[in-house]
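Visitor: with the input below, show me the fold.
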Amino acid sequence: MLMGTMIAEGNQKAFKSHFLARIGNRVVFVETGEVVFFSAKNKIVYLHSVDGKRYIVKHTLETLETILDPAQFFRLNRSAIVQFSSIVQIRPHLNSRLKIYVRSGYDLHELIVSRERVGSLRKWVDR
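Guide: Sure thing, here's the model as predicted:
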């Protein structure tokens, strides 16, 4: 497999296995399994890793939805995609939404699930 690309093998789609990510002036490889969640702010997409670091990636959240394994990653709202294995807790939130808690390093992050995605999230978690 070429570095960072997807290859279709038969009818199976190979999903992204790692990312080239930037932190400061360094570029590093981050394995997909080390991703807790992706967030977007001011048109910049950040990868939050299990060790608590936040990297910049070149992909948009829309692109990430197509290259990440949907069995492992879920789009929560306009600005966040979470990895299933990173979810620590799910709680009800205002206006029929849900609040997801994930741990990145020593930090516990709260992510809000949009109303439109609550039903899909319940199905995704209960699979």
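Visitor: what count of nearby residues applies to Glu116?
Guide: Using other C-beta atoms under 10 Å, Glu116 has 9 other residues around it. Where you see a C-beta, it was placed from the backbone N, CA and C, and this is true even at glycine.
Visitor: against Asn77, how distant is it?
Guide: Note on Glu116: its distance to Asn77, by C-beta to C-beta, to the nearest Å, is 9 Å.
Visitor: what about stretch 58-66, distance to the chain center?
Guide: 10 Å (C-alpha atoms, centre = their mean, to the nearest Å).
Visitor: and that stretch, which residues are buried?
Guide: His59, Leu61, Leu64 (16 or more other C-beta atoms under 10 Å).
Visitor: contacting residues for the first one?
Guide: Each residue near His59 by C-beta atoms under 8 Å, 6 or more residues apart in numbering is listed here: Phe19, Val45, Ile67.
Visitor: just checking, the first one touches Val57?
Guide: Okay, so that is Phe19. Yes: Phe19 is in contact with Val57 according to C-beta atoms under 8 Å; the separation is 5.4 Å.
Visitor: mind checking the end-to-end distance for stretch 97-116?
Guide: Stretch 97-116 stretches 9 Å from its first residue to its last (C-alpha to C-alpha, to the nearest Å).
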